[in-house]
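>>> Provided below for reference: sequence and predicted model.
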Amino acid sequence: MGIVEKSRLKSPWILHYDCSSCNGCDIEILACLTPYYDIERFGILSKGNPKHSDVLLVTGGVNHRNKTVLKNLYDQMPAPKVVIAIGACGSTGGIFHNCYNILGGADKIVPVDVYVPGCPPRPEAIIDGVVKALDKLKHLQNGTWKEPETGPIVVETAVGAKPAPAAKYANAAPAPTLNSQPTNKEA
Amino acid sequence: MQNEIQVNSATLIGETLKMLEAKMRFATATCLDIGDHFEIIYHFDNGNEMKHLRLSFKDGEEVPSIRALYACARFIESEIVDLFGVKISGVSAGLLLGSDSPVAPMRKSAPAKSEVN
Amino acid sequence: MNFQPSILFSILLSIAAPFIGMLILGFDRKITARMQNRVGPPILQPFYDVVKLFGKSELMVKKAQILFALMFVGTLLLSTVLLCFGGDLLVIFFLISTGMIFYTLGAYSVKSGFSFIGGNRELYQMLAYEPIFMLTVFSVGLITKSFRVDQIFGLEVPLVAIIPLPLVSMMIVFLIKMQKSPFDISTAHTEIISGPMIEYSGGYLALLKIAHWYEIFLVIGIMSLFFVVPGNPVLTVVSMAAAGLAIYFVSIIIDNVTARVHWNTMLRLSAAIGITLIVVNVAIVYIVAYIAGGA
Amino acid sequence: MVKSTITFGPQHPVFPEPIQFILKVVDEKVVLAEPQIGYVHRGIEKAFELNDPKDNIFLAERICGICPAPHTTAYVRGVESLMGIEAPPRAKYIRTIMNELNRIHSHILWAGLLGDAIGFESYFMQTWNYREKVLDAIEKISGHRVTYAMNAIGGVRRDMTNEQLRGLEKTMDYVESSLENIEDVMKDYTIKKRTQGIGILTEEEARRDGAVGPTARASGISQDLRTSGYDAYGDLKFEPVVVNNCDSYGRFAVRWQELKQSIDLIRQCIVKMPSGEILTKSNNPMNGEAISRVEAPRGELFYYIKGNGSKKLERVKVRTPTFANIIPTVTMLSKGCQVADVSVIVLSMDPCISCTER
């Protein structure tokens, strides 16, 4: 692994976009910055600028108005980039699944690499999600990345929770690869 | 509800003016889809006591706006226009819903879930 | 007695300059984190950031921006080399200013509201710190009768013993240059995101970061010139390094106990405190010299 | 004199949530500010009509992730009044405790965000460090840091043991002493410089624009729904915090004093906590209309609930405090301010956009 690849894992800069979350996940992401969790020790900085960022954290389900914003933000990020869907809503639409203005999870608009479930996920789970995303990035750089049998990466949430059974994801669509074009299912 | 006054499109402004003169605060307005007609309840508040104006009107009828009296009615009325597709004079839609969103989604006749997925 | 730094030392120092700046920045982030009850990133974090940025794809809006970024780094590199070789302080000062102009032009060259405001604020900052910087250089020149850095090594007493107050004024310059609150207005993260840097990405953003390393070295270098101990090269190196780090530590403390101020407050503070202190100090030096000469 | 247009948001580091302000600026002076909302509109009011009323508690909780307690309290109180039942006294006290804990964590969160907005990073870090203790206390009581799910129709879902009450008392002591540690920040020169005289909203304007909560109370309007004595507030001794500063500093001061007030209210609740049942079970039909108002951390939270006797509700209308506070904020912004002050002014009303758009 070259020095650039190594540095990439050491300094993931975050861009956070709140699609239509309830604020719970957003505040937990902010809490990650603070002394209790302190994600800066992993070199993670929260940048408000897509052009400087490597990791896009999406909270909340996508709605009709912000889908273009999310798409624009994703397109403005220079490669290599990873997308992490935070929370139940970011992953699938969550509790708002039957709301008229919600399209679904972030994966309707941008390719999601890591899903962090929870409503809201604890800050530990969010940090774990970022680290898992970096792990994927590392394997992609080495050319050894294969889609795991279990489908997309799903971070285990609460301490002591059992891992998601593999069978549950056996029929799930494979996660989009890192540099693939956004899958706009609407089109 | 208690302290409720029935109004129509013609008397709404007059009754609202009385509220303004009584130094009532305009809390919010609720729109209801009652099948054959619509109702907008204007909630006014004075400390811990509330007064309500209930305006009934048919679909398609244009009702007057009270934003000249209460500046805070601006977003409240736009939201009603947006979500119920009713007509309030001088208020245009587009506050909450995007261009692809369902039209007048809060009506009873509107589908519960967006068709897209 | 004239102390002439050896050529080899100067070459090594100019090569090491950005890395010294980088290490200082790394310690800065660590110490800031410790002050905020956090663990903080590794010391080499700025290095990782820059290397990572070089590995990213480029999404530049305008070619002109690239040119300005290169010119910015170029001028700073040149002034660093000049400083290491004991060149003219006035030339160094003008080179830094020219660099900042390129930086500002880079901000203005894109059509972005935040970049534009960032460029404006960069100019306000220059308005605030350039008079102080220039007067400090002049007062050093008045004492040494020359603007050359190597002349400072020929003085009889350290500069700080003669003109301590300009050093206090230079603290304002230092806070502005290091983007520390209360004067971090041009890159105010929560107001205008990253201001002039907003439209840079990938390797060109990395260039700006490297330019910042140079800036750290330059400003600390110039400020620690006040602590040259004449006639004792070892003590000089120790006292300059200690002074530089002490200055940086003070700036971290100030950063942590203040909020960002408006640009007009900054201008007022820098004009009122910075310039007054320098003028008072130079006046005192002259009065003392006059009395001593007359007696 | 250079005119330009800046779109502040929907993605901006100072707000975690998407609100957009289109600012027309001359140099750095804002001459026109136009808010654009709708980036987080989901359609929760319609979802209320589709779900079971009991499940709606979880939906109400997720209207806002910062203040779940007031939202569920307002909702269940509305449904209770439709059913004609009342929660037992112990449940009311537990609700009050949860509401006040919610207020404490929300106000500390706000104080930190303000520090972040004006570049006072260490203040942000310290406040959020203390906030974690409050969240821990909430987690000990309810099982979750952010969404409590404490309220149920007719009472609360979990009882509080004596150990939990003692532990809560200790947490309150810790929070109080740690807030005293950083209280001097109110006297800081740079903080005063950035908040005093910024975002002025006179009493008259606050009444005209319908400001609520700390925004109204900082403009000299004594408007606090807790004085109406819902839940346990009727038994507790407190006075609404009102100051006359009318600026961002005043809103800062109001919230700071309310933090102490909330700590005091929780202590009163712990002392007066009655024993007994925590849930009134009822299968009464939900019929008629009810208005339920609760003082959320950001101000008056308004629920209109209509039932038609069937298993589902006919209409639930939610008017959140930030929705009422947006027009006052536009008034403050349109008075002319610097670009640097926009974030301070908008934050001074403690925006919660996901509440606003539902």
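Yep, that arrived. Numbers count the residues shown, from 1 in each chain, chains lettered A, B, ... in the order given.

>>> skipping adjacent residues, who's closest to D:Tyr304 in space?
Excluding the flanking residues, the one nearest D:Tyr304 by Cβ to Cβ, 6 or more residues apart in numbering or on different chains is D:Lys317, at 3.9 Å. Yep, even glycine has a C-beta here, placed from its N, CA and C like the rest.

>>> A strand includes the one you found, no?
Yes: if the criterion is DSSP: H, G, I helix; E, B strand; the rest coil, then D:Lys317 is within a strand.

>>> in contact with it, which residues are there?
B:28, B:30-31, D:45, D:302-305 (Cβ atoms under 8 Å, 6 or more residues apart in numbering or on different chains).

>>> how about low-confidence regions in the chain?
The chain I'm using is chain A. Residue ranges of chain A with pLDDT under 70: A:1, A:141-187.

>>> hm, I was asking about chain B
For chain B, the ranges with pLDDT under 70 are B:112-117.

>>> quick check, the residue in chain B closest to chain D?
Residue nearest to chain D within chain B (Cβ to the nearest Cβ): B:Cys72, separated by 3.4 Å.

>>> so what's that residue closest to, chain neighbours aside?
Closest to B:Cys72 by Cβ to Cβ, 6+ apart is D:Gly210, at 3.4 Å.

>>> same check, this time on D:Ser106
D:Pro297 (3.8 Å).

>>> I'd guessed that neighbour sits against D:Met349; true?
No: the pair D:Pro297 and D:Met349 fails to qualify as a contact (Cβ atoms under 8 Å) at a distance of 11.8 Å.

>>> what's the pLDDT at D:Glu99?
Residue D:99: Asn, not Glu. We note a pLDDT of 90 for D:Asn99 in this prediction.

>>> can you give me the helices in the chain?
Chain wasn't specified; assuming chain A. Assigned by DSSP state H, chain A shows helices spanning A:3-10, A:24-33, A:67-76, A:87-92, A:123-142, A:166-170.

>>> hm, I was asking about chain C
Using DSSP H, helices in chain C cover C:7-35, C:45-54, C:63-84, C:89-108, C:113-144, C:149-152, C:159-162, C:165-177, C:189-192, C:202-224, C:233-257, C:263-269, C:276-294.

>>> reformat those helices as a markdown table; add distance to chain A, mean pLDDT and mean neighbour count.
Shown next, in a markdown table, are the helices of chain C (distance: least, Cβ to the nearest Cβ, whole Å; pLDDT from 0 to 100; neighbours: other Cβ atoms under 10 Å in any protein chain shown):
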| stretch | distance to chain A | mean pLDDT | mean neighbour count |
| --- | --- | --- | --- |
| helix C:7-35 | 6 | 85 | 17 |
| helix C:45-54 | 4 | 88 | 22 |
| helix C:63-84 | 12 | 86 | 20 |
| helix C:89-108 | 14 | 87 | 21 |
| helix C:113-144 | 9 | 83 | 21 |
| helix C:149-152 | 35 | 74 | 20 |
| helix C:159-162 | 35 | 75 | 17 |
| helix C:165-177 | 21 | 84 | 22 |
| helix C:189-192 | 7 | 69 | 26 |
| helix C:202-224 | 5 | 86 | 23 |
| helix C:233-257 | 13 | 84 | 16 |
| helix C:263-269 | 20 | 82 | 17 |
| helix C:276-294 | 36 | 81 | 13 |
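
>>> and the ones you listed: which comes nearest D:Ala206?
Across those, D:Ala206 has its closest neighbour in helix C:189-192 (26.0 Å, Cβ to Cβ).

>>> what residues does stretch D:160-179 touch?
Residues from elsewhere that reach stretch D:160-179 (Cβ under 8 Å, 6+ apart): D:94, D:97, D:104, D:130, D:133-134, D:136-137, D:140-141, D:259-260, D:263, D:266-267, D:270, D:273.

>>> make a PyMOL selection of the buried ones in these.
Selecting only the buried entries of the contacts of stretch D:160-179 in PyMOL, with 16 or more other Cβ atoms under 10 Å in any protein chain shown as the criterion:
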select buried, chain D and resi 94+97+104+130+133+134+137+141+259+260+263+266+267+270+273
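
>>> from the contacts of stretch D:160-179, which land in strands?
Judged by DSSP state E, strands contain none of the contacts of stretch D:160-179.

>>> count of residues packed around the closest residue to D:Pro68 other than its chain neighbours?
Computed as Cβ to Cβ, 6+ apart, the closest residue to D:Pro68 that is not its neighbour in sequence is D:Glu61, at 4.2 Å. Neighbour count of D:Glu61, defined by other Cβ atoms under 10 Å in any protein chain shown: 25.

>>> what's near enough to touch D:Glu61?
By Cβ under 8 Å, 6+ apart, the contact set of D:Glu61 is D:68, D:71-72, D:147-149.

>>> thank you, goodbye.
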